[in-house]
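J.: pasted the sequence and its predicted model underneath.
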Amino acid sequence: MRNRFFFIILTTLILSAIGINLVHVKFFKSQRLKLIDAQITESSNLLLQSNEFKIAVQKTGAVEDVISKVLKGTRIGKVFILRDTKSAIVYQSFNVGLLKVEIPVTPEWVALETETEYIRVRNIQLQGKNSRVLQVGLVLDRNFLNWEIIDSRVVNYVSGIVIALFLASVILTLVLLSPLRLLISHLRDATSNLVNMRDVRPLPKRLLRYTHGFWAKSDEFSGLLETVQKLIDRINLNYKLTRSWTLQMAHELKTPLAIIQAETDSKTKANILPSTYSQDILKEIEQMTNIISQFLNWAELENSQIQKDLHALRIKSVVKNVAARLDKISSQRIQLYLESDFTVFANPAHLDQLLMNLVTNALKFSSDSQNVDLILSDQTLTVSDSGPGLPKEVTERLGEPFNVGSHEGDQKTGNGLGLAWVLTVGKLYDWKVEIRSQVTGTTITVKFPKEDTT
């Protein structure tokens with residue numbers, strides 16, 4: 001669209017410039033022609049008003065001297081011809097012989113052009129018994145009226161116009177599309193926040209001002225902004241309602257699960273239910289309760305706007321602690337590469353849970369014979385495995401809860417809350433979480449802010 005706007009504006013300006021120049025040329029040609037005619041009229045009128053010239057016309061021998069006497073310096077560049085009743089030349093000025101064109105005696109004003117000259121002539125029918133015709137003309141360079149010569153000045157003039165039009169097109173394009181670029185930037189940020197389960201920010205005031213004023217009544221862009229703002233409000237309302245309903249449903253599910261669990265326990269103790277059945281039921285209830293609790297904990301963190309209970313934590317000791325706890329169930333598969341140590345300001349439970357989720361997922365979705373690497377470098381924690389990688393449907397919806405993909409030939413699954421928790425904690429503390437996944441494994445990197453040494 002930007003290129004389309006640019007070429008439309010550039011074409012419009014070029015056509016306007018061509019039109020203006022054509023009018024300019026035509027206007028100046030008309031004005032110069034009037035100036036020429038005025039000079040010829042002035043000279044011919046002076047001759048017609050001169051008694052000496054009237055007498056000389058009859059004798060013809062003194063015409064040259066009389067013209068010079070009457071016109072003086074104004075005769076320079078002009079041609080004079082006197083013809084008899086048969087249009088034969090009885091007198092002509094010396095420069096007429098240089099002209100290679102025949103001058104007609106009608107109409108009153110005649111314009112002739114040669115390869116190099118432009119000739120403008122007035123034919124005057126003299127009063128008297130001989131009825132002679134006086135022709136007064138002006139000989140000019142042909143380019144005086146017709147701009148056909150191309151020299152360095154013309155090239156510079158045309159080049160200047162082209163450059164000016166190009167710059168004007170660029171500036172106009174930037175100015176006209178600046179609100180559209182602002183809208184695109186805002187919507188791009190808004191769609192990324194949609195993936196992260198955040199409310200869509202309303203349009204900035206710089207854009208909303210286009211919806212007010214006289215021009216907004218019939219402006220398509222103003223209508224577009226109003227429609228987009230209504231869409232944003234609707235998305236936020238739907239998201240708020242959906243989030244509220246989801247949380248309410250999660251809370252409500254815990255009550256019947258608790259009742260079922262209590263009833264199962266009582267029926268088992270009364271020998272009404274076989275113990276094998278009750279154990280399976282209680283196991284499923286416990287799993288469902290844990291998932292609901294994890295979801296509610298994630299939702300509380302996701303909706304949190306401030307960081308609470310911050311501690312200065314040394315990252316190396318936290319990593320060692322998590323690795324030691326998980327080594328008991330991972331057959332010593334965790335490999336530590338602790339190249340550096342640094343301080344992280346966070347709630348201890350949040351940092352501990354982030355590490356637990358990353359390492360647990362890496363252990364779960366990789367073979368029992370493959371190691372999981374934990375690397376600490378300059379303000380960076382990296383967890384790397386050699387599993388099959390994240391499915392495409394998971395990477396397209398990163399940050400959403402219950403985002404579980406399918407692993408072909410692998411029965412290991414999760415509830416999708418672990419990675420959602422990691423990304424939510426990263427947003428809360430402004431930690432940059434990068435996920436690189438291939439068929440040969442997944443690498444997740446968490447970059448922490450540098451310590452303030454001041």
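T.: Nice, I can see it.
J.: which intervals of the stretch 101-250 of the chain have sub-threshold pLDDT?
T.: Scanning the stretch 101-250 of the chain for pLDDT under 70 picks out 128-130, 145-151, 154-155, 192-198, 214-216, 218, 242-247.
J.: tell me where it has helices.
T.: Here the stretch 101-250 of the chain has its helices, by DSSP state H, counting those that start in this stretch, at 152-195, 205-208, 220-269.
J.: what helices and strands are in contact with the shortest one?
T.: Using 3 or more CB pairs under 8 Å, 6 or more residues apart in numbering; DSSP states H and E as the contact definition, the elements that helix 205-208 packs against are helix 152-195, helix 220-269. Every residue, glycine included, has its C-beta placed from N, CA and C.
J.: need these in CSV (columns: distance to Pro391).
T.: Shown next, in CSV, are the helices and strands packed on helix 205-208 (distance: least, CB to CB, whole Å):
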stretch, distance to Pro391
helix 152-195, 16
helix 220-269, 24
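J.: so can I have a markdown table of the helices of the stretch 101-250 of the chain showing mean neighbour count?
T.: Shown next, in a markdown table, are these (neighbours: other CB atoms under 10 Å):
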| stretch | mean neighbour count |
| --- | --- |
| helix 152-195 | 13 |
| helix 205-208 | 13 |
| helix 220-269 | 13 |
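J.: redo those as a markdown table? Include distance to Lys100.
T.: Output for those, formatted as a markdown table (distance: least, CB to CB, whole Å):
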| stretch | distance to Lys100 |
| --- | --- |
| helix 152-195 | 28 |
| helix 205-208 | 71 |
| helix 220-269 | 64 |
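J.: ok, which of those helices comes nearest Phe7?
T.: Phe7 lies closest, by CB to CB, to one member of the helices of the stretch 101-250 of the chain: helix 152-195, at 8.2 Å.
J.: so what's the gap between the closest one and the chain middle?
T.: How far helix 152-195 lies from its chain's middle: 8 Å, per CA atoms, centre = their mean, to the nearest Å.
J.: and for stretch 278-298?
T.: Stretch 278-298 sits 50 Å away from the centroid of its parent chain (CA atoms, centre = their mean).
J.: same check, this time on stretch 206-214
T.: 20 Å.
J.: can you map out the strands along this protein?
T.: 78-83, 89-92, 109-113, 117-125, 133-141, 311-314, 334-338, 343-346, 372-377, 380-384, 432-438, 441-447 (DSSP state E).
J.: ok, now which ones touch Leu376?
T.: Ile315, Lys316, Val319, Tyr337, Leu338, Glu339, Ser340, Asp341, Thr382 (CB atoms under 8 Å, 6 or more residues apart in numbering).
J.: hmm, 10 Å instead?
T.: By CB atoms under 10 Å, 6 or more residues apart in numbering, the contact list for Leu376 reads Ile315, Lys316, Val319, Leu336, Tyr337, Leu338, Glu339, Ser340, Asp341, Phe342, Thr382.
J.: pLDDT for the residues you listed - can I get that in a markdown table?
T.: Listed next are the contacts of Leu376 as a markdown table, based on pLDDT from 0 to 100:
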| residue | pLDDT |
| --- | --- |
| Ile315 | 91 |
| Lys316 | 92 |
| Val319 | 91 |
| Leu336 | 91 |
| Tyr337 | 91 |
| Leu338 | 90 |
| Glu339 | 88 |
| Ser340 | 89 |
| Asp341 | 90 |
| Phe342 | 91 |
| Thr382 | 93 |
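J.: ok, of those residues, which one's closest to Glu396?
T.: Thr382 (23.1 Å).
J.: so what's the closest one closest to, chain neighbours aside?
T.: Closest residue to Thr382 in three dimensions, ignoring its sequence neighbours and counting by CB to CB, 6 or more residues apart in numbering: Ile375, at 4.2 Å.
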